[in-house]
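Novice: okay, here's the prediction I keep looking at, along with the sequence it came from:
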Amino acid sequence: MFEQSPAWDNWEKIDNIGPEGACNAPVLICVAENDYWYLDEPGDTEGMGGYHAWHSTDMRNWTPTGPVTDYSWVTTAEYADGKFYIYYDKPNDEDPHLVIDEDLTDGVYRDMGMVLADP
């Protein structure tokens, strides 16, 4: 039988498994086997802003592909019917916005604006 320990002091730190330079709250999108996308802020690049995408076929080696939003605080993303749906909050933790992107490598995306009013 498997049991989770109630203590939080029994873990071992591992090296970052994401792309070098990513710095904030990552979002991982598994499109298919050997087709992985990582969204995050490029922390080591001054003035680039927004969230960027990295692609990998093995989840070890990541290739940067460029910006996917102009705004930080991406909360989640999904892939369906050949499109990426990227949700972000503006301002932080309020008013969900949506970006739709068909190709995370071309720098072209549609910001649909606010899609739900914050209750």
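Specialist: Sure, I can see it. Because the structure is predicted, anything quoted here is derived from the model rather than measured.

Novice: tell me the contacts of the closest residue to V99 other than its chain neighbours?
Specialist: Among residues not flanking V99 along the chain, I86 sits closest, at 4.2 Å (CB to CB, 6 or more residues apart in numbering). Backbone N, C-alpha and C define where each C-beta goes, glycine included. I86 sits next to 27, 39, 51, 68-69, 74, 77, 98-101, 109 when contact means CB atoms under 8 Å, 6 or more residues apart in numbering.

Novice: out of those residues, which are buried?
Specialist: Buried by 16 or more other CB atoms under 10 Å: 27, 39, 51, 68-69, 74, 77, 98-99, 101, 109, out of the contacts of I86.

Novice: pLDDT added to those, as JSON lines?
Specialist: Output for those, formatted as JSON lines (pLDDT from 0 to 100):
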{"residue": "V27", "pLDDT": "92"}
{"residue": "L39", "pLDDT": "94"}
{"residue": "Y51", "pLDDT": "88"}
{"residue": "V68", "pLDDT": "91"}
{"residue": "T69", "pLDDT": "89"}
{"residue": "V74", "pLDDT": "88"}
{"residue": "A77", "pLDDT": "95"}
{"residue": "L98", "pLDDT": "94"}
{"residue": "V99", "pLDDT": "95"}
{"residue": "D101", "pLDDT": "96"}
{"residue": "Y109", "pLDDT": "92"}
